[in-house]
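J.: Make a model of this:
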Amino acid sequence: MGLFERYLSLWVGLAIVVGVVLGGLFPDLADWIASMQFANINLPISVLVWGMIFPMMLAVDFNAIGGIRQQPRGLLITVAVNWLIKPFTMTALAWLFIRGLFSAWIPEAIGQEYVAGMILLGVAPCTAMVFVWSRLSDGDPNYTLVQVVINDLIMVFAFVPIAALLLGVSDVMVPWATMFTAVGLFVVFPLVAGWLTRVFLRSSGRIKRLEARLKPFAISALITTVLILFMVQAQAILSQPLAIVMIAVPLIIQTYVIFWITARWMRLFNQPRSVAAPGAMIGASNFFELAVAVAISLFGLNSGAALATVVGVLVEVPVMLSLVNIANRNQRLFPD
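T.: The predicted model follows:
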């Protein structure tokens with residue numbers, strides 16, 4: 001394990017601090033970075049995420065994907081947790097904390113918006129970053145890809161009705177351009193690039209050497225992504241620290257709960273760590289690009305819903321790194 005990976009939590013922590021400091025000192029620079037968008041997706045972040053995903057896609061062996069149908073239980077667990085459990089546990093936790101335990105400190109109107117933003121996060125399982133978490137926990141790249149593709153297909157049909165049901169409205173407007181752009185940027189393009197690279201290199205030895213060379217760049221891209229995210233959101237963090245904490249508490253609990261449910265279910269069905277780890281990561285993490293875009297389109301840029309989805313972005317990386325550590329160290333829950 002290299003220097004970057006051994007002390008990854010330290011580098012991420014430093015990136016968070018530096019990002020908040022830079023965003024506080026240079027708000028105009030942060031606003032300029034935030035304005036570089038297409039279909040509500042930040043372009044610098046997209047480039048960095050692409051850099052994190054490409055090494056994972058390079059490891060995808062198309063000849064091995066067909067064999068996944070012989071072991072479908074992991075996929076069934078992923079679908080059940082992401083679409084039959086996660087949205088409803090998120091809604092329950094949001095109401096318990098925001099409209100219950102923390103209601104004395106949160107006005108009712110803004111509290112409703114916080115709950116709405118958290119629900120949108122709960123209805124949007126991860127598409128892009130799960131490739132990073134899977135790679136860090138030695139997940140099967142072929143299985144991870146299939147899990148993500150199935151999630152994306154279900155999302156096209158299930159996101160609107162589930163979000164509408166839980167939000168209590170019937171006119172949820174999904175920014176389809178955001179969804180399809182994100183899927184293209186974070187799944188299709190790097191997958192095609194990885195396949196073309198494998199065809200060009202031919203030799204498995206050459207492919208492995210390239211993967212080893214790319215690993216430090218992928219970790220650097222993750223750290224830079226964290227820095228930019230916290231830099232862009234520094235003003236919100238500094239101006240509403242108590243609100244950030246109150247929103248973060250149920251989001252963090254939800255992440256660990258869904259991870260534990262999925263991991264235990266995978267263990268019950270005797271799934272190996274290479275399948276169970278990425279399956280648990282998909283449910284635990286979120287498609288935050290979509291959640292942020294929908295929150296802005298429904299409630300406005302400065303709404304409580306938009307802030308709640310942004311807090312989801314802020315807590316995801318540190319929390320998911322802790323789950324990667326659990327997946328790598330807990331042999332009882334994730335046997336090889």
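
J.: for the stretch 101-250 of the chain, what are the low-confidence residue spans?
T.: 169-179, 182-183, 187 (pLDDT under 70).

J.: can you give me the helices for it?
T.: In the stretch 101-250 of the chain, the helices defined using DSSP state H, counting those that start in this stretch lie at 108-122, 130-136, 141-167, 176-183, 189-201, 204-232, 234-239, 241-268.

J.: most packed of those?
T.: helix 130-136 (a mean of 27; mean count of other Cβ atoms under 10 Å). From N, CA and C alone the C-beta is placed, and that goes for glycine too.

J.: List the contacts of stretch 221-237.
T.: 4, 8, 11-12, 15-16, 18-24, 27, 29-30, 33-34, 42, 44-45, 48-49, 51-52, 132, 244, 307, 310, 313-314, 317 (Cβ atoms under 8 Å, 6 or more residues apart in numbering).

J.: start to end distance for stretch 299-309?
T.: 12 Å (Cα to Cα, to the nearest Å).

J.: Residues touching it, excluding its own?
T.: Contacts for stretch 299-309 (Cβ under 8 Å, 6+ apart): 110-118, 120-121, 236, 240, 243, 247, 288, 291-292, 295-296, 298.

J.: one step back: nearest to residue 330, out of the helices of the stretch 101-250 of the chain?
T.: helix 241-268 (8.3 Å; Cβ to Cβ).

J.: Let me know the angle separating that closest one from helix 108-122.
T.: When axes from the mean of the first three to the mean of the last three Cα atoms, to 10 degrees is applied, the directions of helix 241-268 and helix 108-122 differ by 30 degrees.

J.: packing partners for helix 241-268?
T.: Contacts defined by 3 or more Cβ pairs under 8 Å, 6 or more residues apart in numbering; DSSP states H and E place helix 241-268 against helix 73-80, helix 86-96, helix 108-122, helix 273-284, helix 304-329.

J.: and if we set it to 6 Å?
T.: If contacts are counted by 3 or more Cβ pairs under 6 Å, 6 or more residues apart in numbering; DSSP states H and E, helix 241-268 sits against helix 86-96, helix 273-284, helix 304-329.

J.: That one vs helix 273-284, what angle?
T.: Using the same axes, to 10 degrees, helix 241-268 lies at 150 degrees relative to helix 273-284.

J.: gap between helix 241-268 and the chain center?
T.: Counting by Cα atoms, centre = their mean, to the nearest Å, helix 241-268 is centred 13 Å from the centre of its parent chain.
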